[in-house]
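Q: coordinates only, sequence not included:
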């Protein structure tokens, strides 16, 4: 990896990202930091006001703090359907899980598609983004996983 002039980590080759949906927006996680994807079982979770949910254990037995971004961002009653999932992520010192509406696919994003986030076309909570990937079809907001840790108390 090398740093580009724009300050975004870039690669000589396209890098793989897991694309998910939260509400009407698409987001991406660096696939190298995705540990596990599992179905979200709403009936087994008690939500807290800050968007955190009870910890779960990964398939390796590691405890993971769970965060529903929609609750953390102010949606009081998110809807869960059978496509909802928990994406478990390596967040350095911790393992965190993020509840998402849908998991779409792993896509390769080329360095020239990445832009620094700015206020013009982003969701209101863009401070948790590392970059925005733009192509002729759509925009994908790339999460900064380390910044998501700040949401988990």
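A: In hand now; what should we look at? Small disclaimer: the values here were computed from a predicted structure and weren't measured.

Q: Do you have the strands of this structure handy? List them.
A: For the chain, applying DSSP state E gives strands covering 2-3, 9-10, 15-22, 25-30, 34-39, 52-57, 63-68, 85-91, 94-100, 102-109, 114-115, 129-134, 139-143.

Q: hey, which of the ones you listed is tucked in deepest?
A: Ranked by mean neighbour count, the strands of the chain are led by strand 94-100 with a mean of 23 (mean count of other Cβ atoms under 10 Å). The way it works is simple: take the backbone N, C-alpha and C, and place the C-beta from them, glycine included.

Q: what packs against it?
A: Contact analysis of strand 94-100 by 3 or more Cβ pairs under 8 Å, 6 or more residues apart in numbering; DSSP states H and E lists strand 15-22, strand 63-68, helix 69-72, strand 85-91, helix 145-148 as its packing neighbours.

Q: Confidence-wise, which of the ones you listed is weakest overall?
A: Here the lowest mean pLDDT among the helices and strands packed on strand 94-100 goes to helix 69-72, at a mean of 76.

Q: so what does that helix touch, helix or strand wise?
A: Partner elements for helix 69-72 (3+ Cβ pairs under 8 Å, 6+ apart): strand 94-100.

Q: Can you list the neighbours in contact with the strand it packs on?
A: 20-22, 27, 29, 35, 40, 53, 56, 58, 62-70, 84-89, 145, 148-149, 152 (Cβ atoms under 8 Å, 6 or more residues apart in numbering).

Q: and with 6 Å instead?
A: 20, 22, 40, 62, 64-68, 85-89 (Cβ atoms under 6 Å, 6 or more residues apart in numbering).

Q: same deal with stretch 21-35?
A: Against stretch 21-35 from outside (Cβ under 6 Å, 6+ apart): 16-20, 69, 88-90, 100-102, 106, 123, 140-143, 145.

Q: Check the offset of that stretch from the chain's centre.
A: Distance of stretch 21-35 from the chain centroid (Cα atoms, centre = their mean, to the nearest Å) equals 4 Å.
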